[in-house]
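[1] just need the structure, nothing else, for what follows:
(chains A, B, C and D)
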Protein chains: 2
Amino acid sequence: MSEKVTIYDIAEKLNITAATVSRALNNNPKIKEATRELVIKTAAAMNYKQNKLALALKSGRSNNIGVIVPRIDSNFFASVIRGIEEELYPHGYQVIICQTHESIKRENENLHTLVDAQVDGIMMSVTGISDENDSAFRNVLEKNVPLIFFDRSKHIDGVSSVTINDFKGGYLATKHLIDEGCRNIAHFSGDQSLDIFKNRFLGYKQALLDSGLDFKEEYVIYTKSSVDAGKDAVDKLLQLETPPDAIFSSSDFAALGAIQELKERNISIPSEFCVAGFSNEPFTKFMELSITSVDQSPLEMGRMSARVFLEQVDKTDTIKIEKKVVLAPELHIRKSSTRTNF
Amino acid sequence: MSEKVTIYDIAEKLNITAATVSRALNNNPKIKEATRELVIKTAAAMNYKQNKLALALKSGRSNNIGVIVPRIDSNFFASVIRGIEEELYPHGYQVIICQTHESIKRENENLHTLVDAQVDGIMMSVTGISDENDSAFRNVLEKNVPLIFFDRSKHIDGVSSVTINDFKGGYLATKHLIDEGCRNIAHFSGDQSLDIFKNRFLGYKQALLDSGLDFKEEYVIYTKSSVDAGKDAVDKLLQLETPPDAIFSSSDFAALGAIQELKERNISIPSEFCVAGFSNEPFTKFMELSITSVDQSPLEMGRMSARVFLEQVDKTDTIKIEKKVVLAPELHIRKSSTRTNF
DNA sequence: ATGTTTTATGTAATCGATTACACGAAAGTA
DNA sequence: TACTTTCGTGTAATCGATTACATAAAACAT
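    Numbering: from 1, shown residues only, chains lettered A, B, ... in the order given. Okay, the predicted model is just below:
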């Protein structure tokens, strides 16, 4: 069918050289106006499309950026990606998606593949299982590819990051539970080698101390981010000598599991027991017993990551800019923790 | 820092030519074993990485595929993309994401951008607003880029598709409501210029007729896929002379809105009124009053789309294969429509 | 020893664009 | 008129890989 049209085809038809065609199409000032118009008209007539691969090879810029996330089918990550895509679209960048499924091996593979594919930048949320081998990250930086962490970040020189203030998020949620009258507040945490979980935990702890409440080690449960994990965790907590009367969960899914388990045991929420989650997943709002949760403004996080990338991408390679953006978390107070005004 | 290493650098170091290096790295049989080993070792030592852009330009294949969806932050589309990515990962393809936000203009732009970027294939869910201008699609096909529609499909020669049997989905849900004793079943539909909504509607209608129930035009409401739209629709329906006693909604979000509005009016579900949705969004399962919904197996849809692409991509350009895969919908019966066993 | 086949490697074109440099023609200057 | 600029275009290198073709060397046959 329609074979690919190149600038050589246009040149041949007009009896000029490809260089002239290229200049005409690129608005090079040193070209006769008549020639420019003729070339542009002919190019359109022949349905010419610039071959982006040739351009990419020549210029060394692919106009692709890579995004690595644990998985795409979670509202949080999907929303971040949406923000990235929307911010980058007007600048002509395409977004390549990679999933790690929480595997370090996969994460390293993805990093290498993206660098090999000559992406102009990489934005990612690092995967949970920590190892001290930063070689894949350093490889990216050595190739002068801007690297930006969002949400789940690691401390690596030369890497910018866009996160939320997880400490504050944890603090706000816990303080709110205290204000509602809860006195024995448990916490669901995640892999604390990740800053996000560490900081949410620290915010939780600080809120307790600031209010003169004891911090109890046995109230901290490490759960996966799943409904079942939340159920199991409640099961454990209720076997304690002094069972808690509230949970601040680092995961909305675990919070949901907790609520389901509590209901099953006829513990009424919020009068006997309050629950707050983290991430503001859509379902927390939809439930009849809507769930209090900390919003991470994923859309804004994606947009901001893209903006940080755009700032870095055109800077001279020698100067390493390292920007740390911290967004404010927002507590959405809902029925699962509101004793006062319902 | 570490400047890019090319096969020429390796050749120079070993006093051979780039051609030999290339052959050694590509397991070309006509190369001395000793040379091959030496080249491979040296390449590794120099941290050589093949430049995929150069390869892409030479071979005409970018190893990128494009995916166009209305938006990425919906569980359905994100899950389809997950399926596509997982299936294509072992084959070395990267997935480029584009969003249309339901805009035809954006859809056409995306199609052109992807073709210009030399993707090896495009998978997409067409956007709602129908127009009869297929030129952007034809442009893709003329460039011999495999095009595959998933879920929301259009009738265009040469385009394969992976959909579910929406008729059956509509039929199953409606039949179930009838079996639960509902006699006046309303339907929330979407833009019926899209086959998916048309077919769900037809399935609904057929189920009514097969059970000897009347089809009433005023029971069909065209809603957007949102909670508020569902509320408004219920408001309309309850003003009818004979208000319905059930709703089969083409959207889970509208179904949720309907439930919220019905509760507000103290109409009890499922005893007085039953509701079934479509898509099996995660929240339908999470609700205390869980919502009956038709599952579209998005993961499998994505996987299947990828497989259809893989089948087509290596075929000779001249033969146009057009494959239509139709997956079976699965009705998940939950509390919002179950009068019998709860 | 001579001719033939095989093997391993080099040469150079190619993919499709951009661009430094060269150069002839036109325009401007004295 | 002769000399310098300016203008517009052509020539050819370049980005980094692959590969058809050529060729020298080695292996083999007689």
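[2] ok, residues contacting the helix or strand hosting residue A:285?
    Using DSSP states H and E, residue A:285 falls within helix A:282-286. Residues outside helix A:282-286 that contact it (CB atoms under 8 Å, 6 or more residues apart in numbering or on different chains) are A:75, A:252, A:255-256, A:277, A:290-293, A:332, A:334, B:227, B:256, B:282-283, B:286-287. C-beta here means a position set from N, CA and C on the backbone, and glycine is covered the same way.
[3] now do stretch A:95-107
    A:64-72, A:81, A:84-85, A:88, A:110, A:113-114, A:117, A:119, A:124, A:126-129, A:131, A:136, B:64, B:81-82, B:85-86, B:94-97.
[4] go again using 6 Å as the cut-off
    A:64, A:66-68, A:70-72, A:85, A:110, A:127-129, A:131, B:85, B:94-97 (CB atoms under 6 Å, 6 or more residues apart in numbering or on different chains).
[5] so which of these belong to strands?
    A:64, A:66, A:67, A:68, B:94, B:95, B:96, B:97 (DSSP state E).
[6] dump these to TSV, plus pLDDT and neighbour count.
    As requested, these are exported to TSV (pLDDT from 0 to 100; neighbours: other CB atoms under 10 Å in any protein chain shown):
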residue	pLDDT	neighbour count
A:64	96	23
A:66	97	25
A:67	98	30
A:68	98	22
B:94	96	25
B:95	97	25
B:96	97	22
B:97	97	26
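[7] right, and the pair among the residues you listed with maximum separation?
    By the measure CB to CB, A:68 and B:96 form the most distant pair in those, at 14.2 Å.
[8] which parts of chain A sit against DNA strand D?
    Within chain A, the positions near DNA strand D by CB under 7 Å from any atom of the strand are A:15-20, A:23, A:30-35, A:54, A:57-58, A:60.
[9] for DNA strand C, see how far away residue A:195 is.
    42 Å (CB to the nearest atom of the strand, to the nearest Å).
[10] sorry, slip of the keys, the one I care about is residue A:56.
    Residue A:56 is 8 Å from DNA strand C, by CB to the nearest atom of the strand.
[11] which ones are touching that residue?
    Contacts of residue A:56 by CB under 6 Å, 6+ apart are A:62, B:53.
[12] now the host helix or strand of it: buried residues?
    Element membership of residue A:56, judged by DSSP H and E, is helix A:52-59. Residues A:52, A:53, A:56, A:57 are the ones in helix A:52-59 that count as buried (16 or more other CB atoms under 10 Å in any protein chain shown).
[13] please apply the same query to stretch A:105-123.
    Per 16+ other CB under 10 Å, stretch A:105-123 contains these buried residues: A:106-108, A:110-111, A:113-115, A:117-123.
[14] ok and the helix or strand of chain A with the lowest mean pLDDT relative to strand A:64-69, angle-wise?
    Sorting the helices and strands of chain A by mean pLDDT, DSSP states H and E puts helix A:135-142 at the bottom, at a mean of 89. Calculated by axes from the mean of the first three to the mean of the last three CA atoms, to 10 degrees, helix A:135-142 forms an angle of 160 degrees with strand A:64-69.
[15] name the next helix or strand downstream of helix A:135-142, please.
    Counting by DSSP H and E, the next helix or strand C-terminal to helix A:135-142 is strand A:147-150.
[16] list the strands paired with the helix or strand that that following strand is followed by, with their directions.
    Scanning forward in sequence from strand A:147-150 by DSSP H and E, the next helix or strand is strand A:160-164. Strand pairing for strand A:160-164, using DSSP bridges, gives strand A:147-150 (parallel), strand A:324-327 (parallel).
[17] deepest of those strands, which one?
    Highest mean neighbour count of those: strand A:147-150, a mean of 26 (counted as mean count of other CB atoms under 10 Å in any protein chain shown).
[18] quick check: the gap between the closest residue to residue A:154 other than its chain neighbours and residue A:143.
    Distances taken as CB to CB, 6 or more residues apart in numbering or on different chains place residue A:126 nearest to residue A:154, at 5.2 Å, with adjacent residues excluded. Residue A:126 is 18 Å from residue A:143, where distance means CB to CB, to the nearest Å.
[19] ok, these two, which is more surrounded?
    The neighbour count for residue A:126 versus residue A:143, taken as other CB atoms under 10 Å in any protein chain shown, is higher for residue A:126 (25 against 17).
[20] quick one: that one from residue A:102, how far?
    10 Å.
[21] next: residue A:43.
    Using CB to CB, we find residue A:43 at a distance of 48 Å from residue A:102.
[22] thought residue A:254 was touching residue A:224?
    No - applying CB atoms under 6 Å, one finds residue A:254 not in contact with residue A:224, separated by 7.5 Å.
[23] between those two, point out the one with more neighbours.
    residue A:254 (30 against 18).
[24] so how far is residue A:224 from the closest residue to the more buried one other than its chain neighbours?
    With sequence-adjacent residues excluded and distances taken as CB to CB, 6+ apart, residue A:254 is closest to residue A:230, at 3.6 Å. Using CB to CB, residue A:230 is found at 9 Å from residue A:224.
[25] got it, and residue A:326?
    With CB to CB as the criterion, residue A:326 and residue A:224 are 26 Å apart.
[26] what of residue A:279?
    Applying CB to CB to residue A:279 and residue A:224 gives a distance of 14 Å.
[27] before we move on, what about residue A:265?
    21 Å.
[28] likewise for residue A:146?
    Per CB to CB, residue A:146 is found 32 Å from residue A:224.
[29] same thing with residue A:40?
    Residue A:40 sits at a distance of 58 Å from residue A:224 (criterion: CB to CB).
[30] can I get the helix holding residue A:56 as PDB, trimmed to CA atoms?
    Extracted in PDB, the C-alpha atoms of helix A:52-59 (Å, rounded to 0.1, in the frame of the first residue of the first chain):
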ATOM      1  CA  LYS A  52      10.800   9.700  14.500                       C
ATOM      2  CA  LEU A  53      13.300   6.800  14.800                       C
ATOM      3  CA  ALA A  54      15.700   8.400  12.400                       C
ATOM      4  CA  LEU A  55      15.400  11.700  14.200                       C
ATOM      5  CA  ALA A  56      15.800   9.900  17.500                       C
ATOM      6  CA  LEU A  57      19.000   8.200  16.400                       C
ATOM      7  CA  LYS A  58      20.400  11.400  15.000                       C
ATOM      8  CA  SER A  59      19.500  13.500  18.000                       C
END
